[in-house]
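mind folding the following:
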Amino acid sequence: VQLQASGGGLVQAGGSLRLSCVVSGSIFSINRMGWYRQAPGKQRELVAAITSGASTNYADSVKGRFTISRDYAKNTVYLQMNSLKPEDTAVYYCNARAGFKNIDYWGQGTQVTVSS
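From the prediction side, this is the model:
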């Protein structure tokens, strides 16, 4: 499984960004897609995830502001981020969990910076 993330950038507080993650390879084996983030000096954390059955879950800090979705025709997973806050500033990583062993695959990070 290969992942190519894009869409990060600099935005003012209250603004919006949409991250995209194009998936290739053994797509049929993916059980769950997710977005994680890592801020300087902090551990990587799960932001949002969507299962193969389209169930979603979100970190409490982003509920109501972020939406994860998947376009099967385009093999792409999106993270729509609205009402961004400075504390959302981090490197965001696309993740795929695949196979019966639930192996994690990672895309390259994309920087999101929210200015106050």
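
separation between the residue positioned nearest the centre of the chain and Gln4?
Nearest to the geometric centre of the chain sits Trp35, at 2.4 Å (C-alpha atoms, centre = their mean). In this view, Trp35 and Gln4 are 14 Å apart by C-beta to C-beta, to the nearest Å. To be clear about C-beta, it is placed using only N, CA and C from the backbone, and glycine gets the same treatment.

next: Met81.
Distance from Met81 to Gln4, by C-beta to C-beta: 18 Å.

out of these two, which sits in the busier spot?
Between Met81 and Gln4, counting by other C-beta atoms under 10 Å, Met81 is the more crowded of the two (26 against 14).

residue contacts, the more buried one?
With contact taken as C-beta atoms under 8 Å, 6 or more residues apart in numbering, Met81 is in contact with 16-19, 62, 65-66, 88, 112.

can you show me the strands along this protein?
For the chain, the strands identified by DSSP state E occupy 2-6, 9-12, 17-24, 30-38, 45-51, 56-58, 66-71, 76-81, 90-98, 103-106, 110-115, in order along the chain.

mind putting those strands into TSV with mean pLDDT?
Converted to TSV, the strands of the chain look like this (pLDDT from 0 to 100):
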stretch	mean pLDDT
strand 2-6	96
strand 9-12	98
strand 17-24	97
strand 30-38	97
strand 45-51	98
strand 56-58	98
strand 66-71	97
strand 76-81	98
strand 90-98	97
strand 103-106	97
strand 110-115	98
